[in-house]
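A.B. asks: whatever this is, show me its structure:
(2 chains)
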Number of protein chains: 2
Amino acid sequence: MQKTFTIGLLGCGNIGEAVALELLANKNPSLKLKKAFVKDLNKKRNIANSFLTNNADEILNDPEINLIIEVLGGEEPALGFVIKALQNKKHLVTANKELIAKHGPQIFETAFQNSVQVRLDATVGGGIPIINTILDSLKANEITEVVGILNGTTNYILTQMKRGHSFELALKEAQEKGYAEPDPTNDLEGIDAKYKISILASLAFGNYISPSQVFCQGIKDISVLDFNLAKELGFSIKLLGVAKKLNKDEIKVKVYPCLIPAKKPLAKIDDVLNAILVRGDLIQELLLVGSGAGAKPTSSAILGDVLSIQKLADSTQSYLPYKINSLIKPNQGVEHNYRFYVRLIVDDQVGVIRDLGNVLAKNNISLESISQKAYNDENIEHNNQTEEATLTFLTHEVSENDFELALREVKILKPIREIACILRVFE
Amino acid sequence: MQKTFTIGLLGCGNIGEAVALELLANKNPSLKLKKAFVKDLNKKRNIANSFLTNNADEILNDPEINLIIEVLGGEEPALGFVIKALQNKKHLVTANKELIAKHGPQIFETAFQNSVQVRLDATVGGGIPIINTILDSLKANEITEVVGILNGTTNYILTQMKRGHSFELALKEAQEKGYAEPDPTNDLEGIDAKYKISILASLAFGNYISPSQVFCQGIKDISVLDFNLAKELGFSIKLLGVAKKLNKDEIKVKVYPCLIPAKKPLAKIDDVLNAILVRGDLIQELLLVGSGAGAKPTSSAILGDVLSIQKLADSTQSYLPYKINSLIKPNQGVEHNYRFYVRLIVDDQVGVIRDLGNVLAKNNISLESISQKAYNDENIEHNNQTEEATLTFLTHEVSENDFELALREVKILKPIREIACILRVFE
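C.D. replies: Residues are numbered from 1 along each chain as shown, chains lettered A, B, ... in the order given. Down below sits the predicted model:
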């Protein structure tokens, strides 16, 4: 006999409504939706008003409700609600990546103290079961690396740019299709991906990594020109979240747009798809690809988590998925080496490459390829009437520190107008 | 506190040894290997003799052992051992696809009656957690389709053939690399894939499908010529296991080599990799790619399953993963439509295409493309000295029945020497 779960839903936007409709369809009679918290009772919804309340306490204090699904997003009021629910011994399923990324330790600890469970598969990768795979199926592995295309919005924009659309047009298309918010900052600047990779890194390596510790670079400097140049060099451009264990005490956790060799599987994941690659000592390599967002795929993850909690319901086990006060700080100590791609806007005059070459050589930066073209990126306007040229180069693998020192000197070279774009190569 | 598991291992070949070594490394002190059953005590192994026995009853009747890992492969003695272990209330983790495909109902029912658990993630896709994903993460979905490259050996052979190696050479290479057995029949004829797709179909659709009910075609008719022709038409050739729910009562479960449009993700999965695509009402599409075999990836799945059982240990829940006496019979009732690719060896004479065209038209088979070339497949020897030609055609989507009737007539046309290869197109 399966234990019956009486469910309270916090939030009823697109995802919440999809979850509610699945529960109300009564496919599984042991799962009962009792009440959904909404901010605005008057908003038109496909759910009967009798299920709605704008008073969260009706859910949080209801002793009959033994499981909360939180899809409010953001920090507050979600955090306060969730902590109260856990203290009232309700299990938690959440899709809220910002909440888990920033407040995971408090949430997991509260759950542990109250012997209830927290499941969070929907926080990363929509319906892709990456978190459950890390927590359950790969549990016998020492995971050494998690790399992913974690943000569907930017992947769609980058894909459209690969097809020749300008950044502005691609963003507009993403907004028209509902893939991008009216204010797309969180996606474009890599903040959404940062939350996700910090969650994945924390679970994969067993130590809490705060999103504030994650290096983060967005996609705004990339132009169609970079895609053309990348293609010539045999690369695709993707925004990646990268979490890598370098040794026992050192990890790197970063979000950055990068060149990927076009033949690699991740280079071929286009449009709004997400993909996550995991490396471990036993599994070797595992790649998961699917819809990274959308109400239905996300509700698949949420309801899968509800059923997992139900399966464990008779168990008194609750556990912390990672160490909360980790001494391991990401992106420190160890030197990171990369190949770098750089696009410069320069004066079209004699001696630019020579001057650049001198500065790079002096800083131990050796070049794999360099090319100068007279054509401009149409998307970048310059008022200056002097002829300008685009100069791009790809370095051999060099230390990030050496590279940064070199770039400081490049920046002040007279013929250099602008360092327009810097991309790391992901090998 | 985690419950301690005392483990008995049945079988100690490559996979068993990898599992034993992981357990003996004592990374998780709550998992203890007590004894491993082997047929031959004298075979050289990396495990101390004190852990070995050639008397299975020492394990099956040991009340201290509460979990069995079965990696013997094949039906007997595995089935007898497993049933006895379950009756003695030991949980079971198995990697034995033939055992589960053929005897799943008896095994799951015995486990259910004895309130112990069975986990089987290692039976399909090596380390790829496809079974746990279907059983757990996707549980809220109605799964409509599972399609996979399920056999690494044939995928390696087909990949080498795509690169221009003959079937014989590719098989030899696979054997040299340890990917293929000395007797490769089970792989080449699709039997291994048949076991796997019958397990996946049973779990995905909730009804036991016996492997004897699965349509199965191997890869032996394919030649390098077919790869060249497929490439011209924009396809790749893969051996797929396909399980599809056509409606409430009708499913198809098949293994066949087929043409896949070269741009599809599955078309790009090469070498020994496995890949499984799942479609469901919520998840839409999910693709998992990884090492489909090998001792370490398989031990990842086995040990992940052991830890999952441990997590559920306090729970008294045991369940049947599918209906055992299903009335649904696969591959019946409904008509299946495909595009077909056919390669014929014909006499190089006037009128062949006209005669063929007549027969096909009469049987409602319309053609998408047809080509006749004078060159022969070097891999097929013919003693006949008459000039021969290769004629290939690709049909539009047609009913399987119409196609079979047409082919019967094609076969007896005078200029047709041989129907050398028939492949379905997987859309």
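A.B. asks: use CA for all of it now, contacts and neighbours both
C.D. replies: OK.
A.B. asks: in the sheet, who's paired with the closest residue to residue A:94 other than its chain neighbours?
C.D. replies: Nearest residue to residue A:94, sequence neighbours excluded (C-alpha to C-alpha, 6 or more residues apart in numbering or on different chains): residue A:70, at 4.7 Å. Residues in a beta bridge with residue A:70, per DSSP bridges, are residue A:10, residue A:94.
A.B. asks: can you tell me the helix or strand for the residue nearest the centre of chain A?
C.D. replies: The centroid of chain A falls nearest to residue A:193 when counting by C-alpha atoms, centre = their mean (2.0 Å). Element membership for residue A:193 (DSSP states H and E) is helix A:191-205.
A.B. asks: so residue A:194 sits against residue A:213, correct?
C.D. replies: No - look at residue A:194 against residue A:213 with C-alpha atoms under 8 Å: they stay out of range, at 9.5 Å.
A.B. asks: show me what contacts the residue in the stretch 51-200 of chain A that chain B sits nearest to?
C.D. replies: Among all residues of the stretch 51-200 of chain A, residue A:137 sits closest to chain B, at 4.8 Å; criterion: C-alpha to the nearest C-alpha. Neighbouring residues of residue A:137 by C-alpha atoms under 8 Å, 6 or more residues apart in numbering or on different chains: B:129, B:132, B:300-301, B:304-305, B:308.
A.B. asks: for chain A, tell me which of those show up nearby.
C.D. replies: B:129, B:132, B:300-301, B:304-305, B:308 (C-alpha under 8 Å from any C-alpha of the partner chain).
A.B. asks: spell out which parts of chain A neighbour chain B.
C.D. replies: A:1, A:127-129, A:132-133, A:136-141, A:282-291, A:296-301, A:303-305, A:307-308, A:311-317.
A.B. asks: how does chain A divide into domains?
C.D. replies: A:5-119, A:130-292, A:337-425 (automatic domain parsing).
A.B. asks: which SSE is immediately downstream of the helix holding residue A:193?
C.D. replies: Following helix A:191-205 in sequence, per DSSP H and E, is strand A:215-216.
A.B. asks: centre of the chain to the helix or strand just after that next one, how far?
C.D. replies: Per DSSP H and E, the first helix or strand lying C-terminal to strand A:215-216 is helix A:224-233. Put simply, helix A:224-233 sits 24 Å off its chain's centre (C-alpha atoms, centre = their mean, to the nearest Å).
A.B. asks: next one: stretch A:249-269
C.D. replies: 12 Å.
A.B. asks: next one: stretch A:77-90
C.D. replies: 25 Å.
A.B. asks: likewise stretch A:267-276?
C.D. replies: How far stretch A:267-276 lies from its chain's middle: 12 Å, per C-alpha atoms, centre = their mean.
A.B. asks: contacts for it, please.
C.D. replies: So stretch A:267-276 is contacted by A:125, A:130, A:146-157, A:159-160, A:179, A:235-238, A:260-262, A:266, A:287-292 (C-alpha under 8 Å, 6+ apart).
A.B. asks: could you tell me which of those are located in strands?
C.D. replies: Using DSSP state E, the subset of those located in strands is A:146-149, A:235-238, A:260-261, A:287-291.
A.B. asks: picking up where we left off before, of residue A:194 and residue A:213, who's got more company?
C.D. replies: Higher neighbour count among residue A:194 and residue A:213: residue A:194, with 33 against 16, using other C-alpha atoms under 10 Å in any protein chain shown.
A.B. asks: list the contacts for the more buried one?
C.D. replies: So residue A:194 contacts A:211, A:214, A:216, A:241, A:254-255 (C-alpha under 8 Å, 6+ apart).
A.B. asks: buried ones in the helix or strand that contains residue A:404?
C.D. replies: Assessed by DSSP H and E, residue A:404 sits inside helix A:400-411. For helix A:400-411, a neighbour-count test (16 or more other C-alpha atoms under 10 Å in any protein chain shown) marks A:400, A:403, A:406-407, A:410 as buried.
A.B. asks: likewise for stretch A:153-170?
C.D. replies: A:153-162, A:164-167, A:170.
A.B. asks: then stretch A:24-41?
C.D. replies: Neighbour count says stretch A:24-41 has A:24, A:31-38 buried, by 16+ other C-alpha under 10 Å.
A.B. asks: gap between stretch A:61-78 and the chain center?
C.D. replies: Distance, centroid of stretch A:61-78 to centroid of chain: 23 Å (C-alpha atoms, centre = their mean).
A.B. asks: quick one on the thing from earlier: in strands, which of the buried residues of stretch A:24-41 appear?
C.D. replies: Using DSSP E, these in strands are A:31-37.
A.B. asks: those into JSON lines, with extra columns for pLDDT?
C.D. replies: Shown next, in JSON lines, are those (pLDDT from 0 to 100):
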{"residue": "A:31", "pLDDT": "96"}
{"residue": "A:32", "pLDDT": "96"}
{"residue": "A:33", "pLDDT": "97"}
{"residue": "A:34", "pLDDT": "97"}
{"residue": "A:35", "pLDDT": "97"}
{"residue": "A:36", "pLDDT": "97"}
{"residue": "A:37", "pLDDT": "98"}
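A.B. asks: let's have those residues in CSV, adding distance to residue B:418.
C.D. replies: Putting these into CSV (distance: C-alpha to C-alpha, whole Å) gives the following:
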residue, distance to residue B:418
A:31, 59
A:32, 62
A:33, 63
A:34, 67
A:35, 68
A:36, 67
A:37, 69
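A.B. asks: now do the residue nearest to residue A:46 when sequence neighbours are not counted against chain B, distance only.
C.D. replies: Spatially, and ignoring its direct neighbours in sequence, residue A:46 is nearest to residue A:17 (7.5 Å; C-alpha to C-alpha, 6+ apart). Note on residue A:17: its distance to chain B, by C-alpha to the nearest C-alpha, to the nearest Å, is 13 Å.
A.B. asks: which non-adjacent residue is nearest residue A:56?
C.D. replies: In space, and not counting its chain neighbours, residue A:56 is closest to residue A:37: 5.7 Å by C-alpha to C-alpha, 6+ apart.
A.B. asks: can you check residue A:164 too?
C.D. replies: Per C-alpha to C-alpha, 6+ apart, closest to residue A:164 is residue A:224, 6.2 Å.
A.B. asks: can you check residue A:271 too?
C.D. replies: residue A:156 (4.1 Å).
A.B. asks: please tell me I have it right and that neighbour contacts residue A:175.
C.D. replies: No - using C-alpha under 8 Å, residue A:156 makes no contact with residue A:175, being 10.6 Å away.
A.B. asks: which neighbours do these two share?
C.D. replies: Common neighbours of residue A:156 and residue A:175 (C-alpha under 8 Å, 6+ apart) do not exist.
A.B. asks: let me see the contact set for residue A:245.
C.D. replies: Per C-alpha under 8 Å, 6+ apart, neighbours of residue A:245: A:144-145, A:205, A:251-252.
A.B. asks: for beta bridges, what are the partners of it?
C.D. replies: residue A:251.
A.B. asks: tell me the confidence at it?
C.D. replies: For residue A:245, the model assigns a pLDDT of 93.
A.B. asks: where does the stretch 201-350 of chain A dip in pLDDT?
C.D. replies: Along the stretch 201-350 of chain A, the model assigns pLDDT under 70 to residues A:314-318, A:327, A:333-334.
A.B. asks: how about the ones next to chain A among the contacts of residue A:137 in a markdown table, adding neighbour count?
C.D. replies: Shown next, in a markdown table, are the ones next to chain A among the contacts of residue A:137 (neighbours: other C-alpha atoms under 10 Å in any protein chain shown):
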| residue | neighbour count |
| --- | --- |
| B:129 | 28 |
| B:132 | 23 |
| B:300 | 30 |
| B:301 | 37 |
| B:304 | 28 |
| B:305 | 28 |
| B:308 | 18 |
